[in-house]
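> quick one: sequence and predicted model below, then my questions.
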Amino acid sequence: MGEIMTRTRTSVLLTALLVVSAATAGLSGAVVSSSKTTNQAQDGGLADVPVDSDEVFWQGQFLQFSAGEGNASEVWSIRRVEDGEIGGLATEVLLDGTGSAVFATGNLDGQYVVVNENDQPVVIENGTVESTGTVDEASFEIANQTLDATFTDTVVRNDDSPNARTDLRVQSNRAGYNVFLTSDELSNSELAEVFTAVEVRGDRAVVTRPISGDEVLDANFTGVEAGTYNFTVVTRDGTATDDATITVSEPVEGSASLENATVTEQRGDVVRFNVSFDETDQATVAIGSQQVGYRSQFTVNDANGDGVATVVLDTYRAGISPDSPGISATGEDNVTNVRLDTDPIPGRLDAATYPIEVFVGATRTDVGSVLLNERSTGGIQMWTAPDRENVGSAARLAEVASQDSDIAYQDWAVVQVQASGLYAYVQSVSDLNNNTTGLSMTLTRQGELNVPSREVSLDQANLVVDEEGDQFFVVFDTNTLDRDTNYTANFTISDANPYVEAGNGASLTTNFSVVERNVSFDRPINVSAGEATISGTSTLAPGTELNVEIANTGRNPFLRRSTATVQGDGTWETSFDLSEVPEGTNFSVSITDPAVSATGTVAGGAAGGDQQAGGQETTAAEGDQTTTAAGDAGGETTTAAGETGEETTTAAEETTMAEATTTAEETTEAAGDATPTETTTTIEASAPAPGFGPITLLAGFAVLLAAGAFVARRR
């Protein structure tokens, strides 16, 4: 039996038996693994591993057992264990003249038993068949070994400094196994110079000590030519392998830094951050880490020489595959040598904090992070903007749009949707209807009597994306819609979206109406000579400019033009200088777009008065002269009547034109030199004028009586 345990597979007879057995079973991959695996297993004279029931073996090992010469030349089987019972065939083996056999495990994974020609499971101890037994007593496990190899640093220098040294970390679910290293860029002897624990044995660069579950191999790249190097770690008796990559650079001067240490964004959006350069035009940037399951490394080039490059990380595409890194730069700058240092992620980048490292050469010059949050769906609402405005950007919309659900025909109808986590894959209106991303955007013309509802094509709509504001706008030219009609806009994101959990979809709806395009005047249009104000209302979008023209072609011809702006409440007004236009002059006022006209009159009132169109008219009695001056602090009224030249002055305290109206109710003139003129002045909503109290009136009456008595005595 000792001979059986030490026998190697170089035996020509055994090799022939294995080939025959593989041909009989039709499963050559399960009996003899590939030549690469075979060489790996046999490198350094490794012996076959004896089978032992109730033990764990590793995929890729060659397992050996002996049933004694009494079973020579028999065909036994390796069968799977399924639900505690003997299951399907994995492979057949032909026992040699001593009753021994070897089988490969490259394609095996799970619980197995060896069964004899009578289909009875056999119990094996240390490679020797002891007896038949139950499946539970005879079974053994073949496990798939995991292997993960990474360098602690992604960039090292090739000078004789601490920056030339790093570690190769090897992690596995197995302990106490042997590995060797390969590299397409370095020979075995060069590998042995880089790694202190590596020796050249035969044609392999072998690690001299068994590897535990988590092992660190020291590496020194002093003197290694600058470049990017890929290393493969291979188990010597199995199929587990993994690659690790590192960049070796010449010592360089200069530095690079991040303008913002932390960049916050939502899953599904685009992350942007700036790299600043100082005395260099190139830097290496790494995003992510092994701990978060995603790590990309790339070179940023300041191609235009302005000292700054903007890196763009597409969180919708990043990490899915090495061929679609989702990393780029804006403008003339670019990124090169992009590589994915971790396995492709099965879905999309999760919400997490992803570290950023910046290197110039092998020197790490700055660090930061990308904080990726979950996406969200906010609200929806309607806006409008004048038809003459350019609404091609979010910044412009912020300047000219007003919130309104009654949209004038020909004006812009703007649907605002607040939602994040869309802007890595939503760039046009067509992207808003996509089954893969679970998005739907519709516009429906609401039904009327005998007119069913119908969906309106979005082909003529424009999409304006505001990534920074986590919102987008769908802009409709109402020229393409029906007047006097109601519409419903709907945005839906379903759980088909990779960022939406099952049952957590959202749907947003808003309504608006397309109304007639019109302008009207406030009537009657009676303005004062001086600064005349004409006003009105409109259905047009706030901010629309109206060209207003006022003219007369009769006895007193004149032409004035002005501009009015529609306000948020739909009102508008504008002023004209009519100080040289006589009172009583009729005129026409018109607006060209939309076309509307009306007539008005320049009413009576002192020149320079500020009286709105349709205001109260003021007249003076024949033979009298009336002058009114109103200021912010109060008004002063002076009335002179009759030939006697008597003068009466009234000061109104703290009264503005909007608060008070003065009406000359009655003026009486009496014939004769000695008869005084009586003037009555009424000021509404104001304090009594000083000097016209009851005492003053009584005193005046007494003076009048005294004067009458004096005249009688003279007669």
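Nice, I can see it.

> by contact count, what packs against the helix or strand containing I287?
Take DSSP states H and E as the rule and I287 turns out to sit in strand 282-289. If you count contacts as 3 or more Cβ pairs under 8 Å, 6 or more residues apart in numbering; DSSP states H and E, strand 282-289 packs onto strand 270-278, strand 294-301, strand 352-360. C-beta here means a position set from N, CA and C on the backbone, and glycine is covered the same way.

> mind putting those strands in JSON lines, mean neighbour count included?
Below are the helices and strands packed on strand 282-289 laid out as JSON lines (neighbours: other Cβ atoms under 10 Å):
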{"stretch": "strand 270-278", "mean neighbour count": "19"}
{"stretch": "strand 294-301", "mean neighbour count": "21"}
{"stretch": "strand 352-360", "mean neighbour count": "20"}
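
> can I get these in CSV including mean pLDDT?
Shown next, in CSV, are the helices and strands packed on strand 282-289 (pLDDT from 0 to 100):
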stretch, mean pLDDT
strand 270-278, 97
strand 294-301, 95
strand 352-360, 96
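
> against T228, how distant is D153?
13 Å (Cβ to Cβ, to the nearest Å).

> quick one: common contacting residues for those two?
I246 (Cβ atoms under 8 Å, 6 or more residues apart in numbering).

> coming back round to it: quick one, which of the helices and strands packed on strand 282-289 gets closest to T182.
Closest to T182 of the helices and strands packed on strand 282-289 is strand 294-301 (Cβ to Cβ; 21.5 Å).

> so what strands line up beside that closest one?
According to DSSP bridges, strand 294-301 forms sheet pairs with strand 282-289 (antiparallel), strand 334-340 (antiparallel).

> and the angle from the longest one to strand 270-278?
Counting by axes from the mean of the first three to the mean of the last three Cα atoms, to 10 degrees, strand 282-289 points 140 degrees away from the direction of strand 270-278.

> what's the offset of strand 282-289 from the middle of its chain?
22 Å (Cα atoms, centre = their mean, to the nearest Å).

> what's the domain layout of the protein?
If you go by automatic domain parsing, the domain ranges for the chain are 2-143, 147-249, 255-373, 387-515, 519-603, 625-707.

> in stretch 576-589, what's buried?
For stretch 576-589, a neighbour-count test (16 or more other Cβ atoms under 10 Å) marks 576, 578, 581, 585, 587, 589 as buried.

> before we move on, what about stretch 216-235?
Result for stretch 216-235 [16+ other Cβ under 10 Å]: buried residues 217, 219-222, 224, 229, 231, 233-235.

> closest to G554 out of those residues?
Y229 (96.0 Å).

> low-confidence regions, the chain specifically.
Within the chain, the stretches with pLDDT under 70 are 1-46, 604-715.

> can you map out the strands along the stretch 151-300 of the chain?
Under the criterion DSSP state E, counting those that start in this stretch, the stretch 151-300 of the chain contains strands at 155-157, 165-172, 179-182, 198-201, 204-207, 214-220, 227-235, 241-249, 255-258, 262-266, 270-278, 282-289, 294-301.

> possible to save those as CSV with distance to A595?
Listed next are the strands of the stretch 151-300 of the chain as CSV, based on distance: least, Cβ to Cβ, whole Å:
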stretch, distance to A595
strand 155-157, 72
strand 165-172, 79
strand 179-182, 85
strand 198-201, 91
strand 204-207, 90
strand 214-220, 83
strand 227-235, 72
strand 241-249, 72
strand 255-258, 59
strand 262-266, 49
strand 270-278, 48
strand 282-289, 61
strand 294-301, 59
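
> nearest to T488, out of those?
Nearest to T488, of the strands of the stretch 151-300 of the chain and by Cβ to Cβ, is strand 262-266 at 27.6 Å.

> that closest one - contacts with which helices or strands?
strand 270-278, strand 363-373.

> so what's G223 up against?
Per Cβ under 8 Å, 6+ apart, neighbours of G223: 158, 160.

> go again using 7 Å as the cut-off
N158 (Cβ atoms under 7 Å, 6 or more residues apart in numbering).

> could you check how far it is from R80?
Distance, G223 to R80, using Cβ to Cβ: 52 Å.

> and I211, by the same measure?
From I211 to R80 the distance is 30 Å (Cβ to Cβ).

> so which of the two has more stuff around it?
I211 (21 against 17; other Cβ atoms under 10 Å).

> isn't that one up against V170?
Yes. Taking Cβ atoms under 7 Å as the definition, I211 is a contact partner of V170 at 5.7 Å.

> one step back: of all the domains of the chain, which one is nearest G379?
domain 387-515 (5.2 Å).

> endpoint to endpoint, the closest one covers what distance?
14 Å (Cα to Cα, to the nearest Å).

> gap between that domain and the chain center?
So, by Cα atoms, centre = their mean, the centroid of domain 387-515 is 17 Å from its chain's centroid.

> please shift the residue numbers so they start at 48 in all later answers.
Let's use 48 as the start, then, which means that last one is domain 434-562.

> how about the strands of the stretch 448-597 of the chain, start to end?
Under DSSP E, counting those that start in this stretch, the stretch 448-597 of the chain gives strands at 449-450, 453-455, 459-466, 486-492, 501-503, 509-513, 518-524, 532-540, 553-562, 566-568, 573-575, 578-585, 592-599.
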